[in-house]
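[1] Mind looking at a prediction? Sequence and model below.
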Amino acid sequence: MKKKYFRLVDDMTLAGRWEVGDVLLPDGDQPILGSPGPISPGPVEAVVHQPGHALEYSMTSLGWPLATAELAEAVKRVASSDVQCLPVKVARQPDMVILHSLRLVRCVDEERSTFTKWKVTDHRSDLAGWYRSLTKLVLDRAAVPEDAHFFRIDRWPIGLIVSDSVKNAMEAVGCRGAVFRDVTP
């Protein structure tokens with residue numbers, strides 16, 4: 001049976017949930033979403049914009065996945081070479097981790113997906129050729145490496161994809177706040 005893939009998103013419909021904003025590195029800068037390779041370890045901090053119930057899984061306002069240490073460990077067991085777990089300090093919430101994807105994969109099936117791309121004439125000409133929006137995402141399964149379990153979409157780094165193995169591992173330990181959208185053709 002072939003592996004299935006899911007876009008991992010944040011469940012914004014949960015009442016009373018918290019909303020986490022910026023992620024700050026020790027030097028005060030924000031890490032760049034979708035940059036491949038590890039981020040220098042150090043005290044990473046996330047700012048809560050809207051107080052509320054902490055979730056096992058949520059995303060910051062800029063798309064960084066935030067998970068409990070237990071959930072992060074479940075992801076790491078399956079996707080060890082694809083994910084960096086960065087401890088993060090979040091207001092009065094111990095043992096939280098940023099899940100940083102170490103892999104970008106160019107794998108959008110453009111014939112089956114619905115999207116727009118940035119143009120040179122747009123206000124972000126530096127992103128010309130990148131996906132501006134993907135309203136229907138379908139992966140080109142042949143373009144996804146067999147060992148990929150946790151990755152971002154190349155040229156659309158907001159798209160975080162997990163394999164069915166990661167999904168199952170997350171569900172086994174509890175992942176309130178996570179929504180899995182099937183993107184497998």
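    Noted; the coordinates are in hand. Residues are numbered from 1 along each chain as shown.

[2] What is the burial count for the closest residue to Pro43 other than its chain neighbours?
    Across the structure, with Cβ to Cβ, 6 or more residues apart in numbering as the measure, the residue nearest Pro43 apart from its sequence neighbours is Pro26 (5.5 Å). In short, each C-beta sits where N, CA and C put it, glycine included. For Pro26, the count of nearby residues is 11 (other Cβ atoms under 10 Å).

[3] so how far is Lys136 from Pro26?
    Separation of Pro26 from Lys136 (Cβ to Cβ, to the nearest Å): 39 Å.

[4] what's the answer for Leu99, then?
    25 Å.

[5] and what of Ser125?
    From Ser125 to Lys136 the distance is 26 Å (Cβ to Cβ).

[6] what do you get for Tyr57?
    According to Cβ to Cβ, Tyr57 stands 23 Å off from Lys136.

[7] Specify which residue of the two has the higher count of neighbours.
    Using other Cβ under 10 Å as the criterion, Tyr57 and Lys136 rank with Tyr57 on top: 23 against 9.

[8] Any idea what the residue lying closest to Ala91 once chain neighbours are set aside is bridged to?
    Among residues not flanking Ala91 along the chain, Val48 sits closest, at 4.9 Å (Cβ to Cβ, 6+ apart). Beta-bridge partners of Val48, counted by DSSP bridges, are Val20.
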